[in-house]
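3D, please:
(one chain, ligands or ions: 4)
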Amino acid sequence: MDHMDEERIIRTVCPRNCYCTCGMLVTVRDGRIISLEGDPLNPATDGKVCLKGLSYVERVGAPDRILTPLRRRSDGDGFDPIGWDEALDGITAGLSGLRERYGPRATLFYEGSGNHGSLSALSDVFWNQYGGPTRAHGDLCWPAGLEATRLTYGDNLHNHPVLTRESRLILLWGHNPAETNVHQMRLILDAQEKGAIVAVIDPRSTDTTDAADLHLQPRPGTDGALAMGIAAILEEEGLLDRVFLEKTSVGVEPYLERIREYPPGRTAEITGIPEEDIRELAIRYGSFRPALLIAGFGLQRHRHAGQAMRAVALLPALTGNIGVRGGGWQYANLASHGLRPPPLPPAPDGEVRSFPTSRLGSALPEYDDPPVRAAWFEKANPVSQHPGTARVREALADLELLVVVDQFLTDTARMAHYVLPAKTLFEEEDIVTAYWHPYLQLRQKVLDPPGEVKTETEIWELLCKRFGYDTRWFDGDRRELLRSMLPEGEGDLLEQMESQPVTLKGTEEVVWSDVRFPTRSGRIEFVSDEAAELWGVDPLPSFDHLPEGHTSETAAMFPLQLLTCKTRERIHSQFGNLSWIKGVDRPRQLDIHPEDAGSRGLCEGDLAVMWNDRGRVEVEVHFDHGIRRGVVHVIEGRCQPDDPWLNLLTADVVTDINHGATFYECLVEVGSP
Ligand SMILES: Nc1nc2c(c(=O)[nH]1)N[C@H]1C(S)=C(S)[C@@H](COP(=O)(O)OP(=O)(O)OC[C@H]3O[C@@H](n4cnc5c(=O)[nH]c(N)nc54)[C@H](O)[C@@H]3O)O[C@H]1N2
Ligand SMILES: Nc1nc2c(c(=O)[nH]1)N[C@H]1C(S)=C(S)[C@@H](COP(=O)(O)OP(=O)(O)OC[C@H]3O[C@@H](n4cnc5c(=O)[nH]c(N)nc54)[C@H](O)[C@@H]3O)O[C@H]1N2
Ligand code: SF4
Ligand SMILES: [Mo]
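Residues are numbered from 1 along each chain as shown. Ligands and ions are numbered 1, 2, ... in the order given. Sure thing, here's the model as predicted:
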């Protein structure tokens, strides 16, 4: 960069798949980052970043960062660094050969959640001219909850996060913000200090539940019944906001009939929560106003996720907590997601061939006309993060050509024929959206990429050149390209973003205060014909036991429900390689109730095996007095050689609604090796 010896402070933003999307101020001297802090002008993240954010100072120059293209050795063992020409020649020969033999769909293109930038859309300059690859649809993360919210309220929006401070009761459902949204946790504790009640519904005990006034521990996958049971108590106690419902909602009467199928006794039996605890929570939730229900992503990682989320999402409507300060339904806030795609060559005619992303390992070998023979993975580590690791690895190992673009030699990169070195967040300007706060932020460039590293945008351009494709889409000023992606008439936001986070037109501090909902009926939908039409589910929220739950036949052999959740110091398989993180990272041990361990002859510190009919892993036993009996837990995300391959155990099936993954519907047995 210019001004090599001056000290400069540059405003940028963390693009991780993380609720917080923190604004950051980075101080650079002599082409190096010398310090990094939070952007005080982002009101939601309030001048702070987490340890992961701070550790970028180490991450950009980490000794294991990939700085040149790598090619797998012909004996299959390890990689040689090569130049870009050689790498692109090899990849071009492979991709064009396969295209000639089988057509474009013989190649899979897949992007993970490694970097939430907007420029990644430019990959389609290449793929649209290539003719359209096989792709994945749906998502590993949050789609069932997104669609449940959209079906109910019409859109995924919620109040400004700082209004959490104005709540009198905060109900956290399947959400662990002390680990996964540290800024939200601060706001919750502020509210609690002012007298708010904090209740958490989570089968595990976590740092979040430690701070709670009430903690209910359901059997995983029974939240739909719990929500309907709570609704039934609200009705019985006269705590429904009938005036609000009359004015805003459709299908209330049939839903009230449905919830009467879940009286407290039956709800207690299904969920495994004592009746009096359910009653206490229901009465408090219905009596304190404003009440804020924050649902996480943890309760929608099973096959009935969509229907369960619809039932949970209706509670704020039943109590008239929609459209009010300090209250509401909070799941995901897509207020900043109004960007337009960049100009692209026309997409090829015909239907895109795609599979639900969670089915990666099963879907690839199923194709034969044409077969998938090559894959390109970017910002993704499916060998660690996709369910069904054994199948994923088999499918990838069978490919003629596997290209992985990453900063580090991940489990997936290790399987590649070519690994291309990826930039970090500091090395290219981009616009970053968020999913918790409403701000759009500019990720200003801070450093030039080190070594031979090129941005993905450059890689796609070079590949287009190799193929003789039109490259004009990459020409011109990058700023102007970013500006063209802002909504019509809002281009000057780009300059504003240099000095502060911005919001798009129409962003509201309190959402739905006009009680106009962009659903089919224009009202809050307790009954959704759209849900039935699109997803083939009951138009009313409904509950069924999980196909792989405690009442299933599988439970006779594998009686423990395995949850594999997130940890504060890492994002999935990222950050664990850094020394700043290693010092505080928690071990991937088996959290198990001492009674469940004892009945299997296992003691604290023992090596245990955990298995089901999909796989087997070894983990060290850790007695957890706070976890629900019948539930076990290991932190997800594999980044050290001795971390367990947890997704060997998970199933690659999809959620009832919107093509999600079912990581937390995973029965196992545990024993001595
Ligand atoms: N530090 C850190 N932060 C992150 C991430 C990270 O990897 N690290 N990842 C980001 C991403 S991609 C995501 S998706 C979010 C996820 O963040 P969260 O919404 O917090 O989701 P999870 O951690 O998947 O699950 C939250 C809780 O749900 C509980 N749970 C599991 N099954 C059930 C159930 O059936 N019912 C109920 N009531 N509870 C259940 C789990 O025990 C867990 O404590 O976090 C984001 N933030
Ligand atoms: N068992 C179990 N599995 C899970 C989950 C679970 O709860 N339990 N959670 C699921 C969820 S919620 C999610 S969101 C997924 C996440 O799945 P992934 O998105 O595959 O997960 P990450 O480990 O974050 O991998 C992202 C990769 O992107 C790379 N990367 C970072 N920045 C860039 C960049 O700018 N360019 C390129 N090319 N690469 C970059 C990182 O080095 C990393 O290797 O995992 C899912 N898997
Ligand atoms: S990982 Fe999340 S909390 Fe940490 S700096 Fe990035 S956005 Fe903020
Ligand atoms: Mo996620």
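
for the closest residue to residue 357 other than its chain neighbours, which three-state class applies?
Counting by Cβ to Cβ, 6 or more residues apart in numbering, residue 357 lies nearest to residue 136, which is 3.9 Å off, once chain neighbours are set aside. From N, CA and C alone the C-beta is placed, and that goes for glycine too. The three-state label given to residue 136 by DSSP: H, G, I helix; E, B strand; the rest coil is strand.

start the count at 305 instead of 1 going forward.
New numbering, starting at 305: the last item is residue 440.

for residue 440, what are its contacts?
By Cβ atoms under 8 Å, 6 or more residues apart in numbering, the contact list for residue 440 reads 412, 414, 658, 659, 660, 661, 664, 667.

switch the cut-off to 6 Å
Residue 440 makes contacts with 414, 658, 659, 661, as judged by Cβ atoms under 6 Å, 6 or more residues apart in numbering.

the first one belongs to a helix, doesn't it?
Put plainly, it is residue 414. No. Residue 414 is assigned strand when assessed by three-state DSSP, not a helix.

and it, what are its bridge partners?
Under DSSP bridges, the beta-bridge partners of residue 414 are residue 681.

kindly report the same for the third one.
With DSSP bridges applied, the residues forming beta bridges to residue 659 are residue 440.

phi and psi next, for the closest residue to residue 491 other than its chain neighbours.
Leaving out its chain neighbours, the residue that sits closest to residue 491 by Cβ to Cβ, 6+ apart is residue 468, at 4.0 Å. When read as degrees, to the nearest 10, the backbone of residue 468 gives phi -50, psi -40.

neighbours of residue 468, how many?
26 (other Cβ atoms under 10 Å).

ok, now residue 922?
14.

what do you get for residue 787?
The burial count for residue 787: 16, using other Cβ under 10 Å.

for it, which three-state class applies?
helix.

returning to what we had before: save the contacts of residue 440 as TSV, and put in pLDDT and distance to residue 851 too.
TSV is the format used below for the contacts of residue 440 (pLDDT from 0 to 100; distance: Cβ to Cβ, whole Å):
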residue	pLDDT	distance to residue 851
414	98	27
658	98	24
659	98	20
661	98	20
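
and which of the residues you listed is nearest to residue 398?
Checking those against residue 398 by Cβ to Cβ gives residue 414 as the nearest, at 16.6 Å.

please name the nearest non-neighbouring residue to residue 663.
With sequence-adjacent residues excluded and distances taken as Cβ to Cβ, 6+ apart, residue 663 is closest to residue 956, at 5.1 Å.

how much space between that neighbour and residue 689?
From residue 956 across to residue 689, the span is 12 Å (Cβ to Cβ, to the nearest Å).

how about residue 496?
Applying Cβ to Cβ, the value for residue 496 to residue 689 is 34 Å.

comparing the two, which shows the higher neighbour count?
More neighbours surround residue 689 than the other of residue 496 and residue 689, with 26 against 17 (other Cβ under 10 Å).

quick one: end-to-end distance for stretch 795-811.
Chord length of stretch 795-811, first to last residue, is 16 Å (Cα to Cα, to the nearest Å).

checking residue 537 next. Helix, strand or coil?
Secondary structure state of residue 537, per three-state DSSP, is helix.

residue 586 is in contact with that one, correct?
Yes. The pair residue 537 and residue 586 qualifies as a contact (Cβ atoms under 6 Å) at a distance of 3.8 Å.

what helix or strand is residue 329 located in?
Per DSSP states H and E: residue 329 is located in strand 327-333.

buried sites along that strand?
Residues of strand 327-333 classed as buried by neighbour count (16 or more other Cβ atoms under 10 Å): 327, 328, 329, 330, 332.

which element is the residue nearest to the second one when sequence neighbours are not counted on?
Taking Cβ to Cβ, 6+ apart as the measure, residue 328 lies nearest to residue 316, with 5.3 Å between them; neighbours along the chain are not counted. Assigned by DSSP H and E, residue 316 belongs to strand 312-317.

tell me which strands that strand pairs with, and in which orientation.
Strand 312-317 has the following strand partners under DSSP bridges: strand 327-333 (antiparallel).

so residue 936 sits right up against residue 896, yeah?
Yes. When contacts are counted by Cβ under 6 Å, residue 936 is listed as touching residue 896 (4.8 Å).

residues from the stretch 505-654 of the chain in reach of ligand 2?
By Cβ under 6 Å from any ligand atom, no residue of the stretch 505-654 of the chain approaches ligand 2.

follow-up on the earlier one: quick one: is the strand holding residue 329 near ligand 3?
No. Strand 327-333 stays clear of ligand 3 (Cβ under 6 Å from any ligand atom), getting no nearer than 7.0 Å.

for that strand, the averaged confidence score.
Mean pLDDT, strand 327-333: 97.

in whichever helix or strand comes after it, what's buried?
Remark: after strand 327-333, the chain's next helix or strand is strand 336-342, criterion DSSP H and E. Across strand 336-342, burial judged by 16+ other Cβ under 10 Å covers 337, 340, 341, 342.

now, which of those sits nearest residue 942?
Set against residue 942, the nearest of those by Cβ to Cβ is residue 340 (26.8 Å).

ok, the closest one touching residue 332?
No. The criterion here is Cβ under 6 Å, and residue 340 misses it with residue 332 at 9.8 Å.

centroid-nearest residue for the protein?
Nearest to the mean C-alpha position of the chain, by Cα atoms, centre = their mean, lies residue 445 at 3.9 Å.

helix, strand, or coil at that one?
Applying three-state DSSP: residue 445 is coil.

not including adjacent chain positions, what is the nearest residue to it?
residue 601 is the one closest to residue 445 (Cβ to Cβ, 6+ apart), at 6.2 Å.

tell me where the stretch 605-754 of the chain has strands.
In the stretch 605-754 of the chain, the strands defined using DSSP state E, counting those that start in this stretch lie at 632-634, 658-660, 678-682, 705-710, 722-725, 734-736, 745-747.

thank you kindly, that will do.
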